[in-house]
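Chemist: I would like to see how this sequence folds:
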Amino acid sequence: MKITVANPIYDSVFKFMMEDERIARTVLSALLKKEVLTVEMRRHEHPNVTRDNLSMFRIDFAAKVRESDGSERLILIELQKTWLNTETLRFRRYLAAQYNAEENMLKEEEQRCYAMPMVAVYLLGHRVGDIEEPVVYVNHKAFDYDGREVANCDTDPFINSLTHDSIIVQIPLLHGKINNRLDKVLSVFDQTLVADKNQHVINLDGKLYEDDPDMMHLLHRLGLATMNADLRQEMNDEDEYFSAIEDRDTLLMEAKAKLSDLDAQLSDANAQLSDVNSQLSDVNSQLSDANAQIRSMAQAMYHNGVSLEVIAQSMNCRIDDLKALLGLS
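Modeler: Below is the predicted model of the structure:
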């Protein structure tokens, strides 16, 4: 059974999907590999979408999760999604803003205040270097001087205030393989399943999800998105925006290529000019040597009593030029 749903790679569809609390818990539980008991979308002090050099969609969640030992804790989840190759500095600036936000602080006894433990999730529409794994977990650990791991540091509020874990998802490496819970959840982002004539929708095999109520709920909401006129228009707007970005990038690449060719031509011209200058220098050196020999011959003839008229005639030059050569007034 084929199911056609809206493509959540689009910011508008992704936001529509994640605004559903049940779906947010489903997605975040799969990513964190922990049960998310409750989740709340935080208010935004920073724009979700920047329409300048790239698209970067951001959602902040406060989630209560159950740890492996059965304990519960509140964490902050920074979920950032981008289509294009992204400047790392933009991610860092956003994380820095969240570290400084008062609403992300937890107060304990004696008025001590710690930052809420944070997990940064990156859904990337591009690859990261040569990493072949579609999902990468980067977890902070603490070690002593001898390289031994220090126990219980992952629960210390001071350390958790200064460090955070990261989850990196490379969407281009999602190729329809479902081996675990996370694969099933992320399969809705698999761009190899995009419809041939309409990149706004993805065609999924319904049999893979029919025994999973949470995933069927997610697919139902993505199905509703295909019938939402506002969302369809927003997807069209995103297509136009990225088309303009691609056109601009193409022009920049062509301009850089032309500039590179001009630089190469200028380099060749400079090399040729350098050769010409070197040849002129050799000619000048040869002329200087020839003049020195002529002057030496004229001086020898003059000191041997040969008249200036005879010397000038033999050298085929004027008397005045011969005097100048010999330094005579």
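Chemist: could you look up the SS state of Ser296?
Modeler: The three-state label given to Ser296 by DSSP: H, G, I helix; E, B strand; the rest coil is helix.
Chemist: can you give me the strands in the stretch 1-150 of the chain?
Modeler: Here the stretch 1-150 of the chain has its strands, by DSSP state E, counting those that start in this stretch, at 2-6, 35-41, 56-66, 72-82, 105-107, 113-115, 118-124, 135-138.
Chemist: count the residues that sit near the closest residue to Glu132 other than its chain neighbours.
Modeler: Once flanking residues are discounted, Glu132 sits nearest to Leu173: 7.0 Å by C-beta to C-beta, 6 or more residues apart in numbering. The C-beta positions use only the backbone N, C-alpha and C, and glycine is treated the same way. Around Leu173 there are 16 other residues, counting by other C-beta atoms under 10 Å.
Chemist: burial measure for Arg25, as a count.
Modeler: So Arg25, with other C-beta under 10 Å, has 19 neighbours.
Chemist: ok, it to Pro134 distance?
Modeler: Using C-beta to C-beta, to the nearest Å, Arg25 is found at 22 Å from Pro134.
Chemist: same question for Val39.
Modeler: For Val39, the distance to Pro134 - C-beta to C-beta - is 23 Å.
Chemist: now do Arg42
Modeler: 27 Å.
Chemist: returning to that earlier point: contact partners for the residue nearest to Glu132?
Modeler: 127, 132-134 (C-beta atoms under 8 Å, 6 or more residues apart in numbering).
Chemist: model confidence score at it, please.
Modeler: As predicted, Leu173 sits at a pLDDT of 90.
Chemist: now swap in Ser243 and tell me
Modeler: If you check Ser243, the pLDDT there is 67.
Chemist: which ones are touching Phe16?
Modeler: 6, 221, 225, 228, 231.
Chemist: surely the second one is in contact with Met17?
Modeler: Looking back up the chat, that one is Arg221. Yes - the pair Arg221 / Met17 is scored as a contact, 5.9 Å apart, by C-beta atoms under 8 Å.
Chemist: overlap of the contact sets of those two?
Modeler: Ile23.
Chemist: returning to that earlier point: counting neighbours, go ahead and name the busier of Arg42 and Pro134.
Modeler: Counted by other C-beta under 10 Å, Arg42 and Pro134 do not tie: Pro134 has more neighbours, with 20 against 16.
Chemist: centre of the chain versus the one helix or strand Asp268 maps to, how much separation?
Modeler: According to DSSP states H and E, Asp268 maps onto helix 229-303. Its chain's C-alpha centre and that of helix 229-303 lie 31 Å apart, by C-alpha atoms, centre = their mean, to the nearest Å.
Chemist: for Glu21, the count of nearby residues, please.
Modeler: 12.
Chemist: next one: it from Glu78, what distance?
Modeler: As for Glu21, its distance to Glu78 is 18 Å (criterion: C-beta to C-beta).
Chemist: the helix or strand hosting Ile167 pairs with which strands?
Modeler: For Ile167, the element it lies in under DSSP H and E is strand 165-170. Using DSSP bridges, the strands paired with strand 165-170 are strand 118-124 (parallel), strand 135-138 (antiparallel).
Chemist: which of the ones you listed sits most buried?
Modeler: With neighbours defined as mean count of other C-beta atoms under 10 Å, the strands paired with strand 165-170 peak in mean count at strand 118-124, which reaches a mean of 20.
Chemist: pLDDT of it, averaged?
Modeler: Computed over strand 118-124, the mean pLDDT rounds to 85.
Chemist: measure how it sits relative to strand 72-82, angle-wise.
Modeler: Angle, strand 118-124 to strand 72-82, by axes from the mean of the first three to the mean of the last three C-alpha atoms, to 10 degrees: 30 degrees.
Chemist: how about residues contacting stretch 183-191?
Modeler: Applying C-beta under 8 Å, 6+ apart, the external contacts of stretch 183-191 come out as 5, 7-9, 26-27, 30-31, 123, 134-135, 169, 171-172, 174-178, 193, 202, 204, 208-209, 212, 215, 218-219, 222.
Chemist: I meant stretch 30-38, not that one.
Modeler: Taking C-beta under 8 Å, 6+ apart as the rule, stretch 30-38 contacts 24-25, 28-29, 63-68, 72, 77, 119, 121, 167, 169, 181-182, 184-186.
Chemist: give the buried subset of these as a ChimeraX selection command.
Modeler: To isolate the buried subset of the contacts of stretch 30-38 in ChimeraX, counting by 16 or more other C-beta atoms under 10 Å, use the following:
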select :24,25,28,29,63,65,77,119,121,167,169,181,182,184,185,186
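Chemist: point out where the stretch 201-329 of the chain drops to low pLDDT.
Modeler: Residue ranges of the stretch 201-329 of the chain with pLDDT under 70: 241-247, 249, 329.
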